[in-house]
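K.L.:
Sequence and predicted model, in that order:
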Amino acid sequence: MRPPTDCLSPIGENQLLAGLKKEISADFYTAVTRPPSVYRGNPFQVEVALACAKPGQNESLSADDPIRLIRFANRVPLLYMAGACAITKAAVGVNWKNYGISQPRGSLPIGPIVLAVHFASVWVPFTSESKEAIAHYPEILSEIALAIQECGRRLSVFVNKTRRRAEADRKRNYIELYIPHLALGLKQVLDLNDTQEKRTVGKLKKMLERTHLDV
């Protein structure tokens, strides 16, 4: 029989998001709580929250530095021995390039991102008596990676939408520069008066705005 899992005490997605929003100024937030699982007869549960800011939006988050990884075990922050922790290994093992995030080989991804991972269990398998790193059990690594990947997929949708909007803005600004010249050309070809020329400019701008909103 599987051991009971109602003894776990997760933080909850709403509380994780509230904590990130309180401390981190960002454009995108998401959180994932995995279903309870078991390793060596011990139930555990993984929660992940992610915040992504625009480059330069948050002084504490640089677009050229590795993401900030925050680790928790039973609601207690883990401050040291990050390199020896299963949370770090799982985060490094995820292919962040699939989600539009730059990642050097064998390292955390690069970008203005905060990733918080909470591990809840009746018995946390710490690597030492200092209780600063979680052991690399395959079941634990798999659950952490799955939760991070779900956040990554949501982040990818946001990143792609942001890039499309930025490209649309660039094209819109470029086209808008030539609307007066286009209206002047139509005035000469169609023999329009000044009032009709101004009306043509207005119609072209409205058409461009509708196209921009559809992106």
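P.N.:
Good, I have the coordinates.
K.L.:
is the residue nearest to Ser121 when sequence neighbours are not counted in a bridge, and if so with what?
P.N.:
Distance criterion Cβ to Cβ, 6 or more residues apart in numbering; nearest residue to Ser121, sequence neighbours excluded, is Phe44 at 3.6 Å. Where C-beta positions appear, they are placed from N, C-alpha and C, glycine not excepted. Counting by DSSP bridges, Phe44 is bridged to Ser37, Ser121.
K.L.:
Distance check, Phe44 against Ala82.
P.N.:
Counting by Cβ to Cβ, to the nearest Å, the separation of Phe44 from Ala82 is 19 Å.
K.L.:
Looking at these two, which is more packed in?
P.N.:
Per other Cβ atoms under 10 Å, whichever of Phe44 and Ala82 has more neighbours is Phe44, with 26 against 17.
K.L.:
pLDDT score for that one?
P.N.:
We have a pLDDT of 94 for Phe44.
K.L.:
what's it in contact with, if anything?
P.N.:
Leu8, Pro36, Ser37, Val38, Phe119, Ala120, Ser121, Val122, Val124, Ile140, Glu143 (Cβ atoms under 8 Å, 6 or more residues apart in numbering).
K.L.:
And the strands in the protein, which stretches?
P.N.:
Listed in chain order, the strands of the chain (DSSP state E) span residues 28-33, 37-39, 42-52, 68-73, 76-78, 113-121.
K.L.:
by how many degrees do the fourth one and strand 42-52 diverge?
P.N.:
Interaxial angle, strand 68-73 versus strand 42-52 (axes from the mean of the first three to the mean of the last three Cα atoms, to 10 degrees): 160 degrees.
K.L.:
about what we covered before: next, format the strands of the chain as JSON lines and append distance to Ala168.
P.N.:
Converted to JSON lines, these look like this (distance: least, Cβ to Cβ, whole Å):
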{"stretch": "strand 28-33", "distance to Ala168": "19"}
{"stretch": "strand 37-39", "distance to Ala168": "42"}
{"stretch": "strand 42-52", "distance to Ala168": "20"}
{"stretch": "strand 68-73", "distance to Ala168": "30"}
{"stretch": "strand 76-78", "distance to Ala168": "41"}
{"stretch": "strand 113-121", "distance to Ala168": "24"}
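K.L.:
and those, which one is worst for confidence?
P.N.:
strand 37-39 (a mean of 90).
K.L.:
Pull out the buried residues from that one.
P.N.:
Of all the residues in strand 37-39, those buried under the rule 16 or more other Cβ atoms under 10 Å are Ser37, Tyr39.
K.L.:
Show me the contact partners of that strand.
P.N.:
Arg2, Pro3, Thr5, Pro43, Phe44, Gln45, Val46, Pro125, Tyr137, Glu139, Ile140, Glu143.
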